[in-house]
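Undergrad: Coordinates only, no sequence provided:
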């Protein structure tokens, strides 16, 4: 038995003993995705954990804000983040002070925040959204003008879908990985693979979105890949998703729109770190009660609007 398999066996044994559930975001390393109980988008995973009534511990292999959301929605469970340094740079672009400044500037304008924000930011907004439902949430709000943050490109996508006035906060918030995708690179691939369709994430720049055949979140991309008749698909999102896409669609060819599109923060989580965090129950993610209460309200408002 090799060392990797030994480590996997140890993790799975600890998981059973401690009644833990392992969640892995679509951008995680392949070996982590392969041992996870659930793989998916951030809020999708947090909601899966809510259904795990017997679980005492959630090991969330992702970045900080995702683990915070799991802690907010699962207050009775202990949430662990395998790597303390796994932080989302986009979430850091919208500190609380800046939200309050924008709210003073536009006092009667509702604030919609992407879930890619820290808990204290969520506590300042009216409702949260995901990359999959941003346009639906904004459409459902009874207002023609909305403050939206922190992703400028997702704001552009939502504005295009809804026709509403969307004020991005900050003005140029972005995902460092998704802005690596270039229109020219995709055009080259389209020439190389003339029968391929192009699927891009709405965190990509507008010019990249405009040449896409499909725009959606990672989980929406997974559904699109299964449903499309195309056998070749160019994928413009973090390359971790390719592992899941290939596993679920072995007969299709997935082409990365940019082969170096890697989120270093997502890749900080390793099998070794996952083992240690579970063994020692270290890096517990906690959200102050007052903040968690407000942030949960914003998340639940999203669930309510989607169910109407």
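TA: Right, received. Where do you want to start? Here the structure is a predicted model, which is why all the values come from computation and not from measurement.
Undergrad: After the lowest-mean-pLDDT helix or strand in the chain, heading C-terminal, what element do we hit next?
TA: In the chain, no helix or strand scores lower on mean pLDDT, DSSP states H and E than helix 42-51, which sits at a mean of 88. Next in sequence after helix 42-51, counting helices and strands by DSSP states H and E, comes strand 57-61.
Undergrad: Quick check: mean pLDDT of the helix or strand that that following strand is followed by?
TA: Counting by DSSP H and E, the next helix or strand C-terminal to strand 57-61 is helix 64-73. Mean pLDDT, helix 64-73: 96.
Undergrad: Next, the angle strand 57-61 makes with helix 64-73.
TA: Counting by axes from the mean of the first three to the mean of the last three CA atoms, to 10 degrees, helix 64-73 points 160 degrees away from the direction of strand 57-61.
Undergrad: so what does the helix or strand following helix 64-73 touch, helix or strand wise?
TA: Counting by DSSP H and E, the next helix or strand C-terminal to helix 64-73 is strand 78-80. Applying 3 or more CB pairs under 8 Å, 6 or more residues apart in numbering; DSSP states H and E, one finds that strand 78-80 contacts strand 57-61, helix 64-73. From N, CA and C alone the C-beta is placed, and that goes for glycine too.
Undergrad: Can you add distance to residue 302 and mean neighbour count and give the ones you listed back as TSV?
TA: Converted to TSV, those look like this (distance: least, CB to CB, whole Å; neighbours: other CB atoms under 10 Å):
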stretch	distance to residue 302	mean neighbour count
strand 57-61	19	28
helix 64-73	11	26
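Undergrad: need those in CSV with distance to residue 138, can you?
TA: Shown next, in CSV, are the helices and strands packed on strand 78-80 (distance: least, CB to CB, whole Å):
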stretch, distance to residue 138
strand 57-61, 27
helix 64-73, 20
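Undergrad: circling back: of all the residues in the least confident helix or strand of the chain, which ones are buried?
TA: Within helix 42-51, the residues that count as buried by 16 or more other CB atoms under 10 Å are 42, 43, 44, 45, 46, 47, 48, 49.
Undergrad: to the chain's geometric centre, what's the distance from it?
TA: 12 Å (CA atoms, centre = their mean, to the nearest Å).
Undergrad: Now do that helix: which elements does it pack against?
TA: Taking 3+ CB pairs under 8 Å, 6+ apart as contact, the helices and strands that helix 42-51 lies on are strand 20-25, strand 38-40, helix 64-73.
Undergrad: picking that back up, which one of the helices and strands packed on strand 78-80 lies nearest to residue 145?
TA: For residue 145, the closest of those is helix 64-73, at 25.8 Å, according to CB to CB.
Undergrad: From the rest of the structure, what touches the closest one?
TA: Residues from elsewhere that reach helix 64-73, judged by CB atoms under 8 Å, 6 or more residues apart in numbering: 23, 25, 42-43, 45-47, 49-50, 58, 60, 77, 79-81, 86-88, 91, 115-119, 122, 285-287, 292, 295-296, 299.
Undergrad: What sits closest to residue 228 if chain neighbours are left out?
TA: Excluding the flanking residues, the one nearest residue 228 by CB to CB, 6 or more residues apart in numbering is residue 197, at 6.0 Å.
Undergrad: Now do the one you found against residue 233, distance only.
TA: From residue 197 across to residue 233, the span is 6 Å (CB to CB, to the nearest Å).
Undergrad: How about residue 35?
TA: On the measure of CB to CB, residue 35 and residue 233 end up 26 Å apart.
Undergrad: the more surrounded of these two?
TA: Each of residue 35 and residue 233 has its neighbours counted (other CB atoms under 10 Å); residue 233 has more, 22 against 17.
Undergrad: care to break this structure down by domain?
TA: Split into domains by automatic domain parsing, the chain comes to 3-86+266-286, 90-174, 178-256.
Undergrad: so how far is the last one off the chain centroid?
TA: I take that to be domain 178-256. Relative to its chain's centre, domain 178-256 lies at 17 Å (CA atoms, centre = their mean).
Undergrad: so for that domain, what's the average pLDDT?
TA: 98.
Undergrad: and the end-to-end length of that domain?
TA: 12 Å (CA to CA, to the nearest Å).
Undergrad: related to what we said a few turns ago, separate out the buried members of the contacts of helix 64-73.
TA: Buried among the contacts of helix 64-73 (16+ other CB under 10 Å): 23, 25, 42-43, 45-47, 49, 58, 60, 77, 79-81, 86-88, 91, 115-119, 122, 285, 287, 292, 295-296, 299.
Undergrad: neighbours around the residue nearest to residue 228, how many?
TA: Neighbours around residue 197, by other CB under 10 Å: 18.
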